[in-house]
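In: Have a look at this prediction, sequence included:
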Amino acid sequence: MNEVKKQFERFLLSPAYPLFLSIYPILTLFTNNIYQLSFSFLLRPFLISVFVATLIFGGAKLFFRAWHKSAFFATLVVLFFGFYGHIKNLLDAKEVRGASLYILGGGLLIIFFFIFFDKKNKGEFDYASLAPSINLIVIILLLFPFISMTRHYTVKRIAFSSITPSFKELDNANLEALPDIYYIIPDAYARSDTLKEIYHYDNSEFIAELEKDNFYIAKCGQSNYPITLLSLVSSLNIDYIPNLNERFTPEEDDILYLFATLRKNIITEIFSTVGYEIIAFATGFPWTEMRNADIFISPPSGKMNEFEIIFLQTTIAQILDDTNLVDYENLKAERYRERTLLVFDSLPSIAKMPGPQFVFVHIILPHPPFGFDAEGNEINPAEVDFEEGYTNQVAYFNDEIIKSIETIKAESETPPIIIIQGDHGPPAGRPDWELRILNAYYLPEDSDSLYPGISPVNTFRLILNEYFGENYSLLPDKSYQLETDNNYDYTLVENFCEK
């Protein structure tokens, strides 16, 4: 115990604080987005932060030739480098012109003041006396993100699943007769009336193409919830969220259990039990990625992921974007483009695989970033406004999915089930508009059970009944808006569509 105390006291007296302080901004950014990230995203930014801080500290030591003076100077520079982007975002939000010049000028003024102060005191100021206080402050600061991370990954390992309904065991000898099931979720894909009324886009040609391919279009389709997480948790667990677990009440504010319910959802468990091979794709959002699938398809790791790009935007590296040397938004769009193209390129080969497969495709289209034009050519998201970018990507998705459907149907030995279903609508200014979704079904045998207002919560109830001999009751089709920021506090939204 005494030895630990001595080591801690030695640390407090050391000039190590700029190196530890350098990781505070990245840890804080990570914990603020921890629900959408995996731990692997942290590694490279963490190492870069420490490396840059070491270079600054080392350079200061060569110049000042004093450890503690160098540490204090390095801390000023590390803080300036690490928070430049945050300060600029704040000034940009307040529409301050020339924000970059103000920040750079302020940084140079701080350095000038430090040198002036040091000269005035003839280099005799005792910087070592500051070390214990600064080291202690840094330790306290780092405790907050470390506590958040520890709690997150501890809870994440707790066994948790939603209340699973009964399911009949099927005879695995009939696997070859079972249809492949494609569950395709184009993110934020709106219903045709919303596209026309709000975004001035006529989607009738695409709908006609689907109907020609024997798709049933639920003309009054609405999502059950207004955001991806809630929508997918509900549709893949075939029930409304409050019914899935006793924790899901307005008094609860922890969404870790929602992620656990999505990760271990009823539908993939059912199909795995039957003998289906689960296939899923990378989305860029780890919480929607079924990495526990039998086959998980992801593009090779790029030079940078989206989190690393966002991290750079919060630092002095934002200057590269301000001076048009680097376009961070287009870099982020590049990763989306890679994942999107991989989906469309992979579907034909999946269709040729011996079945049965349950193929989960959550594709970030027509949701921003707007990296494609209507023909699928690469564009810079900054070059289009929301309406143009959104409708461009609707058109691009339409063309690609029609080609994919034709290939899937042609290559499948057993006629497949194909569901194309938006998880929610785009921003439209009214709750019911933002819940309207494309909801299209291709079933090998025409089903009289489909109806205009069917919602995602009933999608797999119907399919399990029709194709797997189940007898689930269809639930009332309800849509909810979030009452507050709490993910368990909902208000019922009426479906005004004439059914």
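Out: Received it, and whenever you're ready, just let me know what you need.

In: Just give me how far the helix or strand of the chain with the lowest mean pLDDT sits from the chain centre.
Out: Evaluated with mean pLDDT, DSSP states H and E, the helix-and-strand set of the chain has its lowest mean pLDDT in helix 2-13, which scores a mean of 78. On the basis of CA atoms, centre = their mean, to the nearest Å, helix 2-13 sits 42 Å off its chain's mean C-alpha point.

In: Just list what that helix packs against, helices and strands only.
Out: Helices and strands touching helix 2-13, as assessed by 3 or more CB pairs under 8 Å, 6 or more residues apart in numbering; DSSP states H and E, comprise helix 131-156. (Glycine included, C-beta is placed from N, CA and C.)

In: got the domain boundaries for the protein?
Out: With automatic domain parsing as the criterion, the domains of the chain are listed as 2-156, 172-493.

In: Give me the buried positions along the least confident helix or strand of the chain.
Out: Going by neighbour count (16 or more other CB atoms under 10 Å), the buried part of helix 2-13 is 11-12.

In: same thing with stretch 485-499?
Out: Going by neighbour count (16+ other CB under 10 Å), the buried part of stretch 485-499 is 487-488, 490, 493, 495, 497.

In: Ok, stretch 48-62 next?
Out: With burial defined by 16+ other CB under 10 Å, the residues of stretch 48-62 counted as buried are 48-49, 52-53, 56-57, 60-61.

In: how many other residues sit next to the residue nearest to residue 268 when sequence neighbours are not counted?
Out: Taking CB to CB, 6 or more residues apart in numbering as the measure, residue 268 lies nearest to residue 278, with 5.4 Å between them; neighbours along the chain are not counted. Here the neighbour count serves as a burial measure; for residue 278 (other CB atoms under 10 Å) it reads 19.

In: quick one, what contacts residue 278?
Out: 268, 271-272, 290, 293-295, 357-358, 360 (CB atoms under 8 Å, 6 or more residues apart in numbering).

In: Mind putting those into JSON lines with distance to residue 83, secondary structure and pLDDT?
Out: Shown next, in JSON lines, are the contacts of residue 278 (distance: CB to CB, whole Å; DSSP: H, G, I helix; E, B strand; the rest coil; pLDDT from 0 to 100):
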{"residue": "268", "distance to residue 83": "42", "secondary structure": "helix", "pLDDT": "93"}
{"residue": "271", "distance to residue 83": "48", "secondary structure": "helix", "pLDDT": "92"}
{"residue": "272", "distance to residue 83": "47", "secondary structure": "helix", "pLDDT": "90"}
{"residue": "290", "distance to residue 83": "37", "secondary structure": "coil", "pLDDT": "87"}
{"residue": "293", "distance to residue 83": "40", "secondary structure": "coil", "pLDDT": "91"}
{"residue": "294", "distance to residue 83": "44", "secondary structure": "coil", "pLDDT": "93"}
{"residue": "295", "distance to residue 83": "42", "secondary structure": "strand", "pLDDT": "93"}
{"residue": "357", "distance to residue 83": "48", "secondary structure": "strand", "pLDDT": "94"}
{"residue": "358", "distance to residue 83": "46", "secondary structure": "strand", "pLDDT": "97"}
{"residue": "360", "distance to residue 83": "40", "secondary structure": "strand", "pLDDT": "97"}
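
In: Which residue ranges of the stretch 101-250 of the chain form strands?
Out: Counting by DSSP state E, counting those that start in this stretch, the stretch 101-250 of the chain has strands at residues 181-186, 216-217.

In: if we can go back for a sec, may I see the buried residues of stretch 485-499 organised as JSON lines, with secondary structure and pLDDT added?
Out: Formatted as JSON lines, the buried residues of stretch 485-499 follow (DSSP: H, G, I helix; E, B strand; the rest coil; pLDDT from 0 to 100):
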{"residue": "487", "secondary structure": "coil", "pLDDT": "82"}
{"residue": "488", "secondary structure": "coil", "pLDDT": "85"}
{"residue": "490", "secondary structure": "strand", "pLDDT": "89"}
{"residue": "493", "secondary structure": "strand", "pLDDT": "90"}
{"residue": "495", "secondary structure": "coil", "pLDDT": "84"}
{"residue": "497", "secondary structure": "coil", "pLDDT": "81"}
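
In: Of those residues, which is the nearest to residue 219?
Out: Looking at these and their distance to residue 219, the nearest is residue 497, at 7.0 Å (CB to CB).

In: Residue 455 is in contact with the closest one, correct?
Out: No - applying CB atoms under 8 Å as the test, residue 497 and residue 455 come out as separate, 11.4 Å apart.

In: Find residues that contact each of the two.
Out: Counting by CB under 8 Å, 6+ apart, the residues touching both residue 497 and residue 455 are residue 222.

In: I'd like to know which of the contacts of residue 278 is nearest to residue 315.
Out: Nearest to residue 315 among the contacts of residue 278: residue 290, at 32.9 Å, using CB to CB.

In: Which residue, other than its chain neighbours, is closest to the closest one?
Out: What sits nearest to residue 290 in space, not counting adjacent residues and going by CB to CB, 6+ apart, is residue 280, at 3.7 Å.

In: could you point out which element follows whatever helix or strand the one you found lives in?
Out: Here residue 280 is covered by strand 277-281, with elements defined by DSSP states H and E. Reading on from strand 277-281 to the C-terminus, the next helix or strand found by DSSP H and E is strand 295-297.
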